[in-house]
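Trainee: got a predicted model here, sequence first, then my questions.
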Amino acid sequence: MIVLSHYQAGPLLEARRRGETVAVASPDLNLTTVEVILEEGGVLFPGGERLSWEQVEQIAGAENKCFLVEEGDIREIRTFSEVTGWVRSL
């Protein structure tokens, strides 16, 4: 499972602008780090999960959200409580 926020996505975009082909990223909100490959089309994580640069830009632009990366898709992490009627997100 990969969980990213703008804190992880921003440095990936900066590394791309510098022309780097490898970067260090955290797939779990800075609990651990891994080396990722920066490709023309996006970012490749060690487990084979890929993100397009458009997805990385979307995550980087969302300063108050965290995203779950699954099967090439990103999904904002949030839940609804039937008890309180409130939506909560990371």
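Mentor: Everything's here; your move. Numbering: from 1, shown residues only.

Trainee: helices or strands up against the lengthiest helix in the chain?
Mentor: Across the chain, the longest stretch assigned as helix under DSSP state H is helix 6-17. Judged by 3 or more C-beta pairs under 8 Å, 6 or more residues apart in numbering; DSSP states H and E, the packing partners of helix 6-17 are strand 22-25, strand 34-38, helix 53-60. Where C-beta positions appear, they are placed from N, C-alpha and C, glycine not excepted.

Trainee: which one of the ones you listed is the most hemmed in?
Mentor: Among the helices and strands packed on helix 6-17, helix 53-60 has the highest mean neighbour count (mean count of other C-beta atoms under 10 Å), at a mean of 18.

Trainee: which elements pack onto it?
Mentor: With contacts defined as 3+ C-beta pairs under 8 Å, 6+ apart, the packing partners of helix 53-60 are helix 6-17, strand 42-44, strand 73-76.

Trainee: restricting to C-alpha, output that helix in PDB.
Mentor: The C-alpha trace of helix 53-60 is given here as PDB (Å, rounded to 0.1, in the frame of the first residue of the first chain):
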ATOM      1  CA  TRP A  53       3.300  12.900 -13.700                       C
ATOM      2  CA  GLU A  54      -0.300  14.200 -13.800                       C
ATOM      3  CA  GLN A  55      -1.200  12.100 -10.800                       C
ATOM      4  CA  VAL A  56       1.900  13.300  -8.900                       C
ATOM      5  CA  GLU A  57       1.000  16.900  -9.800                       C
ATOM      6  CA  GLN A  58      -2.600  16.400  -8.500                       C
ATOM      7  CA  ILE A  59      -1.200  15.100  -5.200                       C
ATOM      8  CA  ALA A  60       1.300  17.900  -4.900                       C
END
